[in-house]
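Colleague: This is a predicted model, with the sequence first.
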Protein chains: 2
Amino acid sequence: MNIRQLEVLRTLLATGSTIAAAKTMGLSQSGVSRLLQQLEEDLSMSLFVRDKGRLLPTPEAQILALDAENILLAVDRMSSRAEDLRSGAAGPEIVRIGLPSSMWEHFAPAMLADYIRDFPGVRIETFFETTTSINKLVEQRVIDFGFLRMEGESGPGVEIERVATGESVCVVPKDHPLVELEEITVKNLRDVPLILIGRQRPNRMALDQSFRRAGVKQLVKIETHTNSSACSYVAHGLGVTIISSFYANLYRHLPVVYRPFVPRTTQEFGLARAVGMPLSIAAHALSDAFKRQVEISQKDQ
Amino acid sequence: MNIRQLEVLRTLLATGSTIAAAKTMGLSQSGVSRLLQQLEEDLSMSLFVRDKGRLLPTPEAQILALDAENILLAVDRMSSRAEDLRSGAAGPEIVRIGLPSSMWEHFAPAMLADYIRDFPGVRIETFFETTTSINKLVEQRVIDFGFLRMEGESGPGVEIERVATGESVCVVPKDHPLVELEEITVKNLRDVPLILIGRQRPNRMALDQSFRRAGVKQLVKIETHTNSSACSYVAHGLGVTIISSFYANLYRHLPVVYRPFVPRTTQEFGLARAVGMPLSIAAHALSDAFKRQVEISQKDQ
DNA sequence: CGCAATATTATGCGATTTCGTCATAACACT
DNA sequence: AGTGTTATGACGAAATCGCATAATATTGCG
């Protein structure tokens, strides 16, 4: 097996023909054809069926292409890391950080503004991803560290330092009748339009469980995948949502308020980084800036 | 960059010398040395310092080795996935096949017994249906492929590979007077109780036509809808039936014999599958098993 | 100390294999 | 006939790999 062959597989699947693949890969059609044949021989299985002169990918090819993509990504990472190392001493230092998608709007800009005051020369790369993606990115050392919800099941090569906690709260529009309540229970949400996040995440499952146990049917109006969008929907009166107070605190500028949600549950959030890989000074400083920003966002009620 | 080179990096870091690395990798010392030089050239950085004739890894090498390990792991994953795919053992792969109802009793079990010997991990779903239903199931991609009588009018998205032929035969009980005849004509069937199949199928219409043309009135005792039940009725002396020799061959264990029926007509049977949708390896293997079974059932007279 | 023995990596050489292109064949579709 | 596709034979360029051997360092021994 061969990196070149994997590239052919990917490109062929993307373009659909050897000619187009050859064009995008910058080699001849016959070259592509040969590379493909080699790969098929190496794996001793046929990846495409030749049908009326066309190449049709087999289901196996589609599956293997996912693995191939993984390999190619890893190769890219290694190349770019080599690049970094080569120019390392001379070039601009770079810090890579993973954040939940919800933070792109206010949190990240504020943190970076704080940071670059002290480290104007450092280049920063931000990845906005989900908890699981960030975990993976840390494990593969694509990013120096990442912020994520602690859910127990983090990879073996990852260690997490807790930096924040939160409890489940119900976010409602500022002028919503529910604002009157001291705390909001499942029963209070009967027939209230809900905006829910992250189908099939463990947190969401627990929430579904609570509704079932209380015999309340969820009136799910919207499903979304970021805390920020959920709060934004709430602000526009589209319904109410249930998120962690940690995130709710990030959106205090919106015309929404939150109340504790019972049954109470707590969440922990932490900074994850690869074990056995000390942070660079610049990265360490960025993690400090991150913690300061958390402090600010959570402190003044 | 090259997978082989990465293996060298890993092994070299693990063993500490080109000779030991060569031994564990199964190639010559010079080969290892060369591979290492290539990698260093590709990355345009030196991974080892040559100190007093020994190779000492640079910190960069250690860092990059982690990435290399990632790549090699991904490669291994892909290889083993290919292995699984090849043997059809990957996950709960499922193959769906459509068969004529007549085959449920002996043919399908024998075929599957043959198949699962080689593909124990594959789940199989069988649909016993009529030719037209199977056609539809193939067209809608509910099933991977199906066996059916070729009647000319198959859907546009369906292509059929002929795998068997048959001719009309008259199936009679073993001790029936008609057994004496070399072949059986319409006239021989005057006043003989008939067991017929599939009202309103084109084949049946042609048969009715023959009787009308010969001026023979059919003495239809039983109408049924599967070849197997028709033969079973014959075996119990309830009458004679006219089916394709292909099916008659499947019921040779019954106390019945068959004779060519004139006017002679031939039938073709084939495997239908959706065009533009290659079969998975597991599905392909099942179609092979099917053909083998057809071979067996039709061969020894 | 001198010197051979034994490590190590590097390299010239040559046979073999692979890589990639060109030209062209073979086929299907329009 | 014209266009689009994949496959393949021929061929030169390049890479692969083992062998033998060079260059160097370490070690052991008298």
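Modeller: Looks like it came in fine.
Colleague: Low-confidence ranges, chain A, go.
Modeller: Along chain A, the parts satisfying pLDDT under 70 run over A:88-92, A:152-154, A:199-200, A:300-301.
Colleague: could you redo the last one with a cut-off of 50?
Modeller: Applying pLDDT under 50 to chain A flags the ranges A:90.
Colleague: which bits of it sit near DNA strand D?
Modeller: Taking Cβ under 7 Å from any atom of the strand as the contact definition, chain A meets DNA strand D at A:16-20, A:29-30, A:33-34, A:36-37, A:50, A:53-55. (Each C-beta comes from the backbone N, C-alpha and C, glycine too.)
Colleague: just the helices in the stretch 1-150 of chain A please.
Modeller: A:3-15, A:18-25, A:29-43, A:59-88, A:107-118, A:131-139 (DSSP state H, counting those that start in this stretch).
Colleague: Can you give me the buried ones in the first one?
Modeller: Going by neighbour count (16 or more other Cβ atoms under 10 Å in any protein chain shown), the buried part of helix A:3-15 is A:3, A:5-13, A:15.
Colleague: Determine the number of other residues adjacent to the closest residue to residue A:55 other than its chain neighbours.
Modeller: Among residues not flanking residue A:55 along the chain, residue A:48 sits closest, at 4.2 Å (Cβ to Cβ, 6 or more residues apart in numbering or on different chains). Using other Cβ atoms under 10 Å in any protein chain shown, residue A:48 is surrounded by 19 other residues.
Colleague: which residues touch residue A:48?
Modeller: A:12, A:36, A:40, A:55-58, A:61, B:278 (Cβ atoms under 8 Å, 6 or more residues apart in numbering or on different chains).
Colleague: One more: residue A:217?
Modeller: Residues counted as contacts of residue A:217 (Cβ under 8 Å, 6+ apart) are A:190, A:211.
Colleague: who in the stretch 1-150 of chain A is up against chain B?
Modeller: A:1-3, A:43-45, A:48-49, A:51, A:56-60, A:63-64, A:67-68, A:70-71, A:74-75, A:77-79, A:81-82, A:85-86, A:140-141 (Cβ under 8 Å from any Cβ of the partner chain).
Colleague: what about residue A:120, neighbour count?
Modeller: If you count neighbours by other Cβ under 10 Å, residue A:120 ends up with 7.
Colleague: Please report the distance of it from chain B.
Modeller: Separation of residue A:120 from chain B (Cβ to the nearest Cβ, to the nearest Å): 26 Å.
Colleague: For residue A:276, give its distance to DNA strand C.
Modeller: As judged by Cβ to the nearest atom of the strand, to the nearest Å, residue A:276 and DNA strand C stand 26 Å apart.
Colleague: Put the buried members of the residues of the stretch 1-150 of chain A next to chain B into a ChimeraX selection.
Modeller: Buried residues within the residues of the stretch 1-150 of chain A next to chain B, by 16+ other Cβ under 10 Å, are selected in ChimeraX with:
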select /A:1,3,43,45,48,49,57,58,59,60,63,64,67,68,70,71,74,75,77,78,81,82,85,140,141
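Colleague: re earlier: any idea which of the contacts of residue A:48 is closest to DNA strand D?
Modeller: For those, the residue nearest DNA strand D by Cβ to the nearest atom of the strand is residue A:55; the value is 4.4 Å.
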